[in-house]
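In: Here's my sequence, what's the structure:
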Amino acid sequence: MCGKGMSFGHMNGVLALIALALGYIVCLLAKKEKDILKTAGYIIGIVIIAIASAVILSKVLLTTKICNKVCPLKQSSMPMTPAPSALLKK
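Out: This next block holds a predicted model:
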């Protein structure tokens, strides 16, 4: 999951920011409604905000290469350490 092949483009970040604003607008509009419509609006707005925030956070983590420091896929590409000479003797 980590690595250069899974990085987000700039357009995904822009779309995530737009979705974040859209979720906020939905919450503002839900505030004016009554009863079940108000609750449904808040739920939809919060879900949109949560998904957009997760996308933005993942983009930040991948951009700053924090993910590459702890990625188990990167550890497999590390060179093997040479065997001790004592084990090589017959």
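In: for the helix or strand where residue 53 lies, packing partners?
Out: Taking DSSP states H and E as the criterion, residue 53 maps to helix 35-63. For helix 35-63, the packing partners by 3 or more CB pairs under 8 Å, 6 or more residues apart in numbering; DSSP states H and E come out as helix 10-31. All C-beta spots, glycine's among them, are computed from the backbone N, C-alpha and C.
In: List the buried residues for the helix it packs on?
Out: Using 16 or more other CB atoms under 10 Å as the test for burial, helix 10-31 gives 16, 19-20, 23, 26-27, 30.
In: cool, stretch 39-59 as well?
Out: Neighbour counts using 16+ other CB under 10 Å place 41, 45, 48-49, 52, 55-56, 58-59 of stretch 39-59 among the buried residues.
In: Which residues does it contact?
Out: By CB atoms under 8 Å, 6 or more residues apart in numbering, the residues outside stretch 39-59 that reach it are 8, 12-13, 16-17, 19-20, 22-27, 29-31, 33.
In: Alpha carbons of that stretch, as CSV, please.
Out: C-alpha atoms of stretch 39-59 as CSV (Å, rounded to 0.1, in the frame of the first residue of the first chain):
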residue,chain,number,x,y,z
THR,A,39,-30.6,14.4,11.7
ALA,A,40,-30.1,12.9,8.2
GLY,A,41,-28.4,16.1,7.0
TYR,A,42,-26.0,16.0,10.0
ILE,A,43,-25.2,12.4,9.4
ILE,A,44,-24.6,12.9,5.7
GLY,A,45,-22.5,16.0,6.3
ILE,A,46,-20.4,14.3,9.0
VAL,A,47,-19.8,11.3,6.8
ILE,A,48,-18.6,13.5,3.9
ILE,A,49,-16.3,15.4,6.2
ALA,A,50,-14.9,12.2,7.7
ILE,A,51,-14.1,10.7,4.3
ALA,A,52,-12.6,13.9,3.0
SER,A,53,-10.5,14.3,6.1
ALA,A,54,-9.2,10.7,5.8
VAL,A,55,-8.2,11.3,2.1
ILE,A,56,-6.4,14.6,3.1
LEU,A,57,-4.6,12.9,6.0
SER,A,58,-3.5,10.0,3.8
LYS,A,59,-2.3,12.4,1.1
